[in-house]
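# give me a 3D structure for the following:
(2 chains)
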Amino acid sequence: DTGVSQNPRHKITKRGQNVTFRCDPISEHNRLYWYRQTLGQGPEFLTYFQNEAQLEKSRLLSDRFSAERPKGSFSTLEIQRTEQGDSAMYLCASSTAGTRRETQYFGPGTRLLVL
Amino acid sequence: GESVGLHLPTLSVQEGDNSIINCAYSNSASDYFIWYKQESGKGPQFIIDIRSNMDKRQGQRVTVLLNKTVKHLSLQIAATQPGDSAVYFCAENIRGSNYKLTFGKGTLLTVNP
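Residues are numbered from 1 along each chain as shown, chains lettered A, B, ... in the order given. This next block holds a predicted model:
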């Protein structure tokens, strides 16, 4: 499978715990995006990487959230001291730097439930 | 408020009929649009895209129409099948925004056999 992959697919945690999600983009894609989606809503942009550089962060990304892409390949999204309001689907997408650079391909998402 | 929105939250059609899903956007700086299909518990799946210098683009059983004058986008699905049942989102890229996408709320398409 050469698409975007995300792990874990599901995560249940207790309020106050830290969680980390992983995204593996399509191999030749140098751009990587994280989005958050709550029930009944469209995905909302969280942050964006070009190679290993994090170039933009949304106001939605509080200081409890941190994302990394250390070698310009996979990325991790960590949420510290989780809150019930963090419950959502966390989606990763990737795109290439070429002529199709705007086209983002999404992974299956990680569904987080904070109890 | 949201830049991208949808006129109808739900659409129910009979198998074999054509479906039309509409989307309005408000940012005149939007220069690229994508339609995604999202099935329950899955990530959005790319269907078709269109740049702002085009009015129409066709794919396999799908057509996207862009009317920049009224800032309206539509997705037409020909001969709708039960497997087309899903939530459909339009998303826009605003020029100069690092290609991040702004999504609307989505339309739930139900295809009745």
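
# contacts, neighbours, all on C-alpha from now
OK.

# enumerate the residues of chain B near chain A.
B:32, B:34, B:41-46, B:49, B:89, B:93, B:98-106 (Cα under 8 Å from any Cα of the partner chain).

# mind checking the end-to-end distance for stretch A:36-55?
18 Å (Cα to Cα, to the nearest Å).

# what is the burial count for the residue in chain B that chain A sits nearest to?
Per Cα to the nearest Cα, B:G43 is where chain B lies closest to chain A, at 4.2 Å. The tally of other residues near B:G43 (other Cα atoms under 10 Å in any protein chain shown) stands at 24.

# before we move on, the earlier item: from the residues of chain B next to chain A, which land in strands?
B:Y32, B:I34, B:Q45, B:F46, B:D49, B:F89, B:N93, B:L101, B:T102, B:F103 (DSSP state E).

# where along chain A do the helices fall?
In chain A, no helices are defined using DSSP state H.

# show me what contacts the residue of chain B closest to chain A?
By Cα atoms under 8 Å, 6 or more residues apart in numbering or on different chains, the residues touching B:G43 are A:L91, A:F106, A:G107, A:P108, A:G109.

# now it: closest residue in space that isn't a chain neighbour?
A:P108 (4.2 Å; Cα to Cα, 6 or more residues apart in numbering or on different chains).

# ok, the one you found - contacts?
A:P108 neighbours (Cα under 8 Å, 6+ apart): A:V4, A:S5, A:Q6, A:R9, A:L91, B:G41, B:K42, B:G43, B:P44.

# equivalent analysis for B:S40, please.
B:S40 touches B:A86, counting by Cα under 8 Å, 6+ apart.

# repeat that for A:E78.
So A:E78 contacts A:N18, A:V19, A:T20, A:F21, A:F65, A:S66, A:A67 (Cα under 8 Å, 6+ apart).

# hey, what's the closest residue to the last one other than its chain neighbours bridged with?
Distances taken as Cα to Cα, 6+ apart put A:L77 closest to A:A67, at 4.4 Å, once the chain neighbours are dropped. Beta bridges link A:L77 to A:F21, A:A67 when assigned by DSSP bridges.

# quick revisit: quick one, which of the residues of chain B next to chain A are buried?
B:32, B:34, B:42-46, B:49, B:89, B:93, B:99-106 (16 or more other Cα atoms under 10 Å in any protein chain shown).

# what pLDDT does the model give the residue nearest to A:A67?
Here the pLDDT value assigned to A:L77 is 98.

# neighbours of it, how many?
19.

# quick check: B:Q38 vs B:A79, distance?
B:Q38 is 19 Å from B:A79, by Cα to Cα.

# which of these two has more residues huddled nearby?
B:Q38 (20 against 14).

# find the nearest non-adjacent residue to that one, please.
B:P44 (4.5 Å).

# residues in contact with the one you found?
So B:P44 contacts A:Y105, A:F106, A:G107, A:P108, B:Y36, B:K37, B:Q38 (Cα under 8 Å, 6+ apart).

# torsion angles phi and psi at it?
phi -60, psi 140 (degrees, to the nearest 10).

# around chain B, pick out the residues from chain A.
A:33, A:40-45, A:48, A:56, A:91, A:101-109.

# apply 7 Å and report the result again.
A:40-45, A:91, A:102, A:105-109 (Cα under 7 Å from any Cα of the partner chain).
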